[in-house]
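In: Dropping a prediction and its sequence here:
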Amino acid sequence: MEPDTVFSRHAAALQNARSRAENLPLDQIDVADRDLHWSDTALPYFERLRRDDPIHYCPESEFGPYWSITRFEDIRKIELDWQHFSSEPNIALFEPGGGEMELLPMFIAMDPPKHSVQRKAVRPAVSPKHVRKLEGMIRGRAVRVLDELPVGEEFDWVERVSIELTTQMLATLFGFPFEQRRKLTRWSDVATTMPGDGIIDSWGQRKTELDECLGTFLDLWDARSREEPAFDLISMLVHAPATNDMNTRPLEYLGNLVLLIVGGNDTTRNSMTGGVLALNQFPGEYDKLRANPDLIPNMVSEMIRWQTPLPHMRRTVTEDVEYGGRSFHAGDKVALWYLSANRDEDVFPDGDTLRIDRPNAGEQLAFGTGIHHCVGAHLGRLQLQVLWEEIMARFDRIEVMAEPTRVRSNFVRGYTELPVRLHPR
């Protein structure tokens, strides 16, 4: 099926969204509206805000009033100013259960010094040096998964490739029972969703399933505490002096588990799917890739920029402060929209387009910046690079057969299904 046919409905929806975004009064624009992200029609609204109101106040939304920061440089500066724009108590606009009593402490939702101490405990598992040692295993798994795919038949790329490869990697990082690895995918989905969006029916169900996650990992903690230190994330937490009593603070333990599971799952999983989608939307780039596979490392950075798997991170104002001519008050919610920054025309010309040879693709903010720069960024890039090297060694094209089914979330820019068909070399 031709790309124009597959994506014609989405193109029409984008055109309608662009017209609405241009005509809507600024104070009525709510870029946190989950339906905009579900339909993948949020980008025209961000384009309007970058041009007309880059530091935007939304007085009413599903999540209460909040500020939107939409330009690249503003986001970078505010993210570096953690003294005024704190990661505590929450990094997302939504609050589980509708209140803060169920918020899970985690080091990404902490400021120094506690943030730095806990991050340091797990950093060796995903350091560039250790990640290089994992390349052979990553490649072997990619080969096995790709070689088992049905060439010439339609199948779901998300289920057969994206979820399978990322879940295998998560199981390795945690030293988690390999045969139970799909539980990690489920817990990641449960942790980042709201009731009624197809994953959970109530906040109570979310709590029950995350309690199961905690119980499973408390058992793993007990097992690791009786063993010699190893190079998995649980063992590192158990044996690091700064975190070796975290099991006595179960909500904090669960919070950091959720952080590591989501960080290792959603970001890479959805970039694996988004990259296939992007190359089909921009077939000229696929031709460019076939002509020059050496572009794969740069293409991976560009795919991550284009996808931006986590559209925003929230900050909370600690005290009244002025920035960019606007007055922020203590307690205000501030959304740093990475999805918008990675389309900022001043940094990425024609940013809605995938350009696999884009010279500054690596400057994108999908991994954040400053003290909260994603600790697993090296591993994520390597997984994507190896996957595409093995894809290009086997297939002339991965053809997208229909529009993907997207996640209804403004925190995860993800997919639950992408029908594809493989064409052999």
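Out: Thanks, I have it. Residues are numbered from 1 along each chain as shown.
In: If you average the pLDDT over stretch 410-425, what comes out?
Out: Averaging the model's pLDDT scores along stretch 410-425 yields 95.
In: How far off centre is that stretch?
Out: 15 Å (CA atoms, centre = their mean, to the nearest Å).
In: what about that stretch, how long is it end to end?
Out: Stretch 410-425 stretches 38 Å from its first residue to its last (CA to CA, to the nearest Å).
In: do the same with stretch 16-35
Out: End-to-end distance of stretch 16-35: 14 Å, with CA to CA as the criterion.
In: What mean pLDDT does that stretch get?
Out: 96.
In: neighbouring contacts of that stretch?
Out: 36, 39, 41-49, 52-53, 56-63, 66, 68, 70, 93, 194, 197, 312, 335, 337, 340, 408-410 (CB atoms under 8 Å, 6 or more residues apart in numbering). Heads up, the C-betas are built off the backbone N, CA and C, glycines and all.
In: now it, how far from the centre of its chain.
Out: Centroid separation for stretch 16-35 versus its chain: 23 Å, with CA atoms, centre = their mean.
In: Quick check: buried residues in that stretch?
Out: Using 16 or more other CB atoms under 10 Å as the test for burial, stretch 16-35 gives 17-18, 21, 29-34.
In: out of the residues you listed, which one sits closest to S188?
Out: R34 (17.9 Å; CB to CB).
In: follow-up on the earlier one: which of the contacts of stretch 16-35 are buried?
Out: Neighbour counting with 16+ other CB under 10 Å marks 36, 39, 41-49, 56, 58, 61, 63, 66, 68, 70, 93, 194, 312, 335, 337, 340, 408-410 as buried within the contacts of stretch 16-35.
In: about what we covered before: out of the contacts of stretch 16-35, which sit inside helices?
Out: Among the contacts of stretch 16-35, the members found in helices (DSSP state H) are 36, 43-49, 52, 340.
In: mind putting those residues in JSON lines, distance to L387 included?
Out: Shown next, in JSON lines, are the ones in helices among the contacts of stretch 16-35 (distance: CB to CB, whole Å):
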{"residue": "L36", "distance to L387": "29"}
{"residue": "L43", "distance to L387": "26"}
{"residue": "P44", "distance to L387": "31"}
{"residue": "Y45", "distance to L387": "32"}
{"residue": "F46", "distance to L387": "29"}
{"residue": "E47", "distance to L387": "31"}
{"residue": "R48", "distance to L387": "35"}
{"residue": "L49", "distance to L387": "34"}
{"residue": "D52", "distance to L387": "39"}
{"residue": "S340", "distance to L387": "27"}
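In: Out of these, which two are the most distant from each other?
Out: Using CB to CB, the ones in helices among the contacts of stretch 16-35 reach their maximum pairwise distance at L36 and D52, which is 17.3 Å.
In: Pull up the gap between the residue lying farthest from the centre of the chain and M246, please.
Out: When each C-alpha in the chain is compared with the mean C-alpha position (CA atoms, centre = their mean), R226 comes out farthest, at 34.1 Å. Distance, R226 to M246, by CB to CB, to the nearest Å: 17 Å.
In: What number of neighbouring residues does the nearest residue to M401 once chain neighbours are set aside come out with?
Out: In space, and not counting its chain neighbours, M401 is closest to P419: 4.2 Å by CB to CB, 6 or more residues apart in numbering. A total of 17 residues lie near P419 under the criterion other CB atoms under 10 Å.
In: hey, where'd the strands end up in the stretch 251-400 of the chain?
Out: 312-317, 321-323, 326-328, 333-337, 395-400 (DSSP state E, counting those that start in this stretch).
In: Out of those, the one nearest F231 is which?
Out: strand 312-317 (28.5 Å).
In: of all the buried residues of stretch 16-35, which comes closest to Q83?
Out: Among the buried residues of stretch 16-35, A32 lies closest to Q83 (CB to CB), at 25.0 Å.
In: ok, the closest one to R206 distance?
Out: 20 Å.
In: For the stretch 51-200 of the chain, give me the ranges with low pLDDT.
Out: Across the stretch 51-200 of the chain, the ranges flagged by pLDDT under 70 are 97-127.
In: Just want the angle from the longest helix along the chain to strand 395-400.
Out: Across the chain, the longest stretch assigned as helix under DSSP H is helix 250-281. Helix 250-281 runs at 110 degrees relative to strand 395-400, counting by axes from the mean of the first three to the mean of the last three CA atoms, to 10 degrees.
In: now helix 250-281: how far from the chain's centre is it?
Out: 5 Å.
In: Likewise for stretch 42-49?
Out: What separates the centre of stretch 42-49 from the centre of its chain is 20 Å, taken as CA atoms, centre = their mean.
In: Stretch 64-80 too?
Out: Relative to the centre of its chain, stretch 64-80 is centred 18 Å away, using CA atoms, centre = their mean.
In: Just the endpoints, please. Distance across it?
Out: 25 Å.
In: ok, now stretch 62-71?
Out: Using CA to CA, the end-to-end distance of stretch 62-71 comes out at 23 Å.
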